[in-house]
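Asker: A structural model of the following input is requested.
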Amino acid sequence: MAEALEPPFDRPDLGFNDLPGWTWVGTYGGTFLQADLLADFEHGFFTRQWAGRGPGELAAAISAGVSVHRTRQIHSAVVLGADRASAEPWPEADGLFSLGGGESVWVCGADCTPVLIADPASGRVAACHAGWRGVAGRILPEAIRHLESFGSRRQDLLVALGPAISGSAYQVQADVALQVAKSLEPHAPDPLAVLARAGALLEDPDPGRYRMDIRAATLGQLQFEGLLESQVTVCPLCTVAEPLLFHSWRRDQVKAVQWSGIVSQG
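Answerer: Residues are numbered from 1 along each chain as shown. Below is the predicted model of the structure:
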């Protein structure tokens, strides 16, 4: 049975701390994060403590008897219905949305932002893997569009952005920053200024490079899509800065991931 952990934790060496708006949950297999904004939905942002265990096992830590849906992620903006991602071979995509109750949808990453979306009005959910290519391709507006096509209203949606690389640790080339910037306000005359106003563009000493906060960019994109600040929560943990908690491709150059998932209702 899952149990909320109260600070101070019994393993301070793992970097656990009190995160406003987020709760560490302990189970028999380890700990994972939950967003308080999504408290009415069974979900979890898992850590590297769960290494080697995929969604089939992880689903049991957040809910019993749910179906499991995942994809083979390709850094795209493709979002599929859960019915198309229920067995191997996993389809190529980076986002999933539920079609009925009791469906758990999953994404993984090791610096890119795991994004979980919930609609309390309908019980529908979605999960997206939002790296810079996904954000530039507008994967979250695409997921929202799919949810709306089944009756969801964007003013009802709740969105949690999980642990990801921070802006200070994420150096990108100017063309990458520009592609992401254009996705926030597609017709803006100065896209980089838009990205800067969103708090997502930081100076870098290297010519032709920027430091980019991908979660701030994602938040800016969601706000441009009409979501209010109160509808979105952002985890402050940086995958690069927490080596005992999270895998990080930028830090380790090793192919390893942590999973995040959410269960639909209804």
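Asker: rest of the way, CA atoms for contacts and neighbours
Answerer: Will do.
Asker: so where do the strands sit in the stretch 101-250 of the chain?
Answerer: Along the stretch 101-250 of the chain, counting by DSSP state E, counting those that start in this stretch, strands occupy 103-109, 113-118, 125-130, 158-161, 171-173, 201-202, 209-212, 232-234.
Asker: which secondary structure element of the chain has the lowest mean pLDDT?
Answerer: strand 3-4 (a mean of 47; mean pLDDT, DSSP states H and E).
Asker: just the CA atoms of stretch 73-81, as CSV, please.
Answerer: Only the C-alpha atoms of stretch 73-81 are listed here, as CSV (Å, rounded to 0.1, in the frame of the first residue of the first chain):
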residue,chain,number,x,y,z
GLN,A,73,9.3,7.0,-28.1
ILE,A,74,11.0,8.7,-31.0
HIS,A,75,11.1,12.4,-29.9
SER,A,76,8.1,13.3,-32.0
ALA,A,77,4.8,15.2,-31.5
VAL,A,78,2.7,12.1,-32.3
VAL,A,79,-0.1,11.4,-29.8
LEU,A,80,-2.1,8.2,-30.0
GLY,A,81,-5.2,6.7,-28.3
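Asker: if you average pLDDT over it, what comes out?
Answerer: For stretch 73-81, the mean per-residue pLDDT is 98.
Asker: right, so of the strands of the stretch 101-250 of the chain, which gets closest to G226?
Answerer: Judged by CA to CA, the one of those that comes nearest to G226 is strand 232-234, at 11.4 Å.
Asker: strand partners (parallel or antiparallel) of the closest one?
Answerer: Applying DSSP bridges to the sheet, strand 232-234 is found paired with strand 158-161 (parallel).
Asker: same question for the strand it pairs with, mean pLDDT?
Answerer: Per-residue pLDDT over strand 158-161 has a mean of 98.
Asker: ok, residues contacting stretch 246-259?
Answerer: Here stretch 246-259 makes contact (CA atoms under 8 Å, 6 or more residues apart in numbering) with 45-48, 50-51, 54-55, 106-111, 165, 239-240.
Asker: let's have the strands of the stretch 101-250 of the chain in TSV, adding mean neighbour count.
Answerer: Below are the strands of the stretch 101-250 of the chain laid out as TSV (neighbours: other CA atoms under 10 Å):
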stretch	mean neighbour count
strand 103-109	29
strand 113-118	28
strand 125-130	31
strand 158-161	24
strand 171-173	17
strand 201-202	20
strand 209-212	23
strand 232-234	19
